[in-house]
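Peer 1: 3D, please:
(one chain, ligands or ions: 1)
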Amino acid sequence: MDLHGKCALVTGGGSGMGASVARMLGARGARVAVLDLNADAAEATAKEIAGVSFSADVADESSVKAALEETISQIGIPRVVVSCAGIAPASRILGREGPHELDLFQDVINTNLVGTFNVLRLCASKMAELDPVTAAGGRGVIINTASVAAYEGQIGQAAYASSKGGVVSLTLPAARELARVGIRVMTIAPGLIGTPMLMKMDKDVQNSLASQVPFPSRFGQPEEFASLVSHVIDNEMLNGEVIRLDGAIRLAPK
Ligand SMILES: NC(=O)c1ccc[n+]([C@@H]2O[C@H](COP(=O)([O-])OP(=O)(O)OC[C@H]3O[C@@H](n4cnc5c(N)ncnc54)[C@H](O)[C@@H]3O)[C@@H](O)[C@H]2O)c1
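Peer 2: Numbers count the residues shown, from 1 in each chain. Alright, predicted model coming up:
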C-alpha cells in the first residue's frame, strides 16, 4: 500500500516498538496519530514525524473514542492501525506475599487484551467507511502485538501470557469477520526486543535472556519489529495469522 498521505494510528507510540513503528510510518509518508497513556512521550514521537498525538488509555472506551474522533478530524480515518500499547508486570500465582492479586491480573488483561480489542473494534468501524484502495477491495490493516509468552509463558507471567494468548486467539475470528469489509487483521508475537520494557531489567538478567536466543543471540531491535509491520502492510496475502519475531527462542519455564 502506498502510504503517502494516508492516515495511520499507533497505540503505545510513545516508547519502544510503537515509537519505532510510528517513525517507519512517518518515513513512508503516512500522517500518523500517536496514542499513548504517556502524553509527553506520545508528543515527542509525533513531533519527530510531524504527526499528531493523543493521551489515551486503550482500555477505556471514551478515551479511545475521543482520540479517534480527534484523529479523524485532524488527519483522517486510519487505514493502518498498529496496537503496541501494553504492560508486563510479573507476579507469581503463589507469591511470598500471598496469592496473585486479582486486581493486577485484571489490569493486565484489561490493558493488553481488552485494550487491543477496543482499538480494533472502534478503528474497524471507521475504516469500513473508507473506499477500497486495492484491486481486491482492501480498505486497510490492523496489526496487533502479542508475545511469545502467549505460547511459552514463564513462571510469573500468568497474567501477561493469558492476555497475549487472548490477542493471538482474537486474530483469526477478527480477520474472518472483517474480510467482508476488506480489512485485514494480523498479529506479531515478538520474542525479546530491546525496548525500555526489557532494558530496565538488570544487566545480568538482560545478558542471560539474550544468550537464550539461538540466532541471532541478542535482543531484537524495535526497528526490526517496525520492518515486519511495514511488510505486513504491503503483503495483502498476510491475514488472520500470527508471526513470531523471535530468533527461534522458546522461553524456558523461568
Ligand atoms: N519488549 C519486548 O521484549 C516485548 C516482547 C514481546 C511483546 N512485547 C509487547 O510489545 C508491545 C510494545 O512493548 P515495548 O517493549 O515497546 O514496551 P514499552 O514499555 O517501551 O512501550 C509500551 C507503551 O505502551 C504505553 N501504554 C501502556 N499502557 C497503556 C494504555 N493503557 N493505554 C495507552 N498506552 C499504554 C506505555 O506508556 C508505553 O509508552 C507491548 O504490547 C508488549 O507487551 C514486548
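Peer 1: ok now the one helix or strand Glu70 maps to, how far from the chain's centre?
Peer 2: Using DSSP states H and E, Glu70 maps to helix 61-74. With CA atoms, centre = their mean, to the nearest Å as the basis, helix 61-74 stands 18 Å off its chain's centre.
Peer 1: what packs against the next helix or strand after that helix?
Peer 2: Per DSSP H and E, the first helix or strand lying C-terminal to helix 61-74 is strand 80-83. Packing partners of strand 80-83 (3 or more CB pairs under 8 Å, 6 or more residues apart in numbering; DSSP states H and E): strand 7-11, helix 16-27, helix 115-127, strand 140-145. Backbone N, C-alpha and C define where each C-beta goes, glycine included.
Peer 1: let's go with 10 Å and repeat that
Peer 2: strand 7-11, helix 16-27, strand 31-36, helix 115-127, strand 140-145, strand 183-190, helix 222-234 (3 or more CB pairs under 10 Å, 6 or more residues apart in numbering; DSSP states H and E).
Peer 1: looking at those, which is nearest to Arg250?
Peer 2: strand 183-190 (12.0 Å; CB to CB).
Peer 1: now that closest one, how far from the centre of its chain.
Peer 2: 9 Å.
Peer 1: how many neighbours does Ala135 have?
Peer 2: 7 (other CB atoms under 10 Å).
Peer 1: show the contacting residues for it.
Peer 2: Contact analysis of Ala135 by CB atoms under 10 Å, 6 or more residues apart in numbering lists Glu236.
Peer 1: reformat the helices and strands packed on strand 80-83 as TSV; add mean pLDDT, mean neighbour count and distance to Ile49.
Peer 2: Below are those laid out as TSV (pLDDT from 0 to 100; neighbours: other CB atoms under 10 Å; distance: least, CB to CB, whole Å):
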stretch	mean pLDDT	mean neighbour count	distance to Ile49
strand 7-11	99	31	10
helix 16-27	98	25	3
strand 31-36	98	30	6
helix 115-127	99	21	19
strand 140-145	99	27	18
strand 183-190	99	24	21
helix 222-234	98	19	12
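Peer 1: how about these in CSV, adding distance to Val64?
Peer 2: Output for the helices and strands packed on strand 80-83, formatted as CSV (distance: least, CB to CB, whole Å):
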stretch, distance to Val64
strand 7-11, 8
helix 16-27, 15
strand 31-36, 8
helix 115-127, 6
strand 140-145, 13
strand 183-190, 17
helix 222-234, 20
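Peer 1: what does the stretch 51-200 of the chain have sitting close to the ligand?
Peer 2: Contact residues (CB under 6 Å from any ligand atom) of the stretch 51-200 of the chain with the ligand: 56-59, 84-88, 111, 115, 145, 147, 190, 192-193, 195-198.
Peer 1: one step back: give me the contact list for the helix holding Glu70.
Peer 2: Helix 61-74 is contacted from outside by 7-9, 11, 31-37, 42, 51-58, 60, 77-78, 81, 114-115, 118-119, 121-123, 125-126, 129, using CB under 10 Å, 6+ apart.
Peer 1: now the angle from it to strand 31-36?
Peer 2: Calculated by axes from the mean of the first three to the mean of the last three CA atoms, to 10 degrees, helix 61-74 forms an angle of 160 degrees with strand 31-36.
Peer 1: rounded mean pLDDT for helix 61-74, please.
Peer 2: Helix 61-74 carries an average pLDDT of 98.
Peer 1: repeat that for stretch 161-180.
Peer 2: The predicted model assigns stretch 161-180 a mean pLDDT of 99.
Peer 1: quick check: Ala27 touching Gly51?
Peer 2: No: the pair Ala27 / Gly51 is not scored as a contact, 11.5 Å apart, by CB atoms under 10 Å.
Peer 1: mind checking the longest helix of the protein?
Peer 2: helix 158-178 (DSSP state H).
Peer 1: tabulate the CA atom coordinates of stretch 110-127 in CSV.
Peer 2: Provided in CSV are the C-alpha atoms of stretch 110-127 (Å, rounded to 0.1, in the frame of the first residue of the first chain):
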residue,chain,number,x,y,z
ASN,A,110,-7.7,-5.1,30.6
THR,A,111,-4.7,-3.2,29.1
ASN,A,112,-3.3,-5.9,26.8
LEU,A,113,-6.4,-7.7,25.6
VAL,A,114,-9.4,-5.5,26.2
GLY,A,115,-7.4,-2.5,25.1
THR,A,116,-6.3,-4.2,21.8
PHE,A,117,-9.9,-5.3,21.1
ASN,A,118,-11.2,-1.8,22.0
VAL,A,119,-8.9,-0.1,19.5
LEU,A,120,-9.6,-2.8,16.9
ARG,A,121,-13.4,-2.5,17.1
LEU,A,122,-13.5,1.3,17.1
CYS,A,123,-11.0,1.7,14.3
ALA,A,124,-12.5,-1.0,12.2
SER,A,125,-15.9,0.7,12.3
LYS,A,126,-14.4,3.8,10.9
MET,A,127,-12.1,2.1,8.4
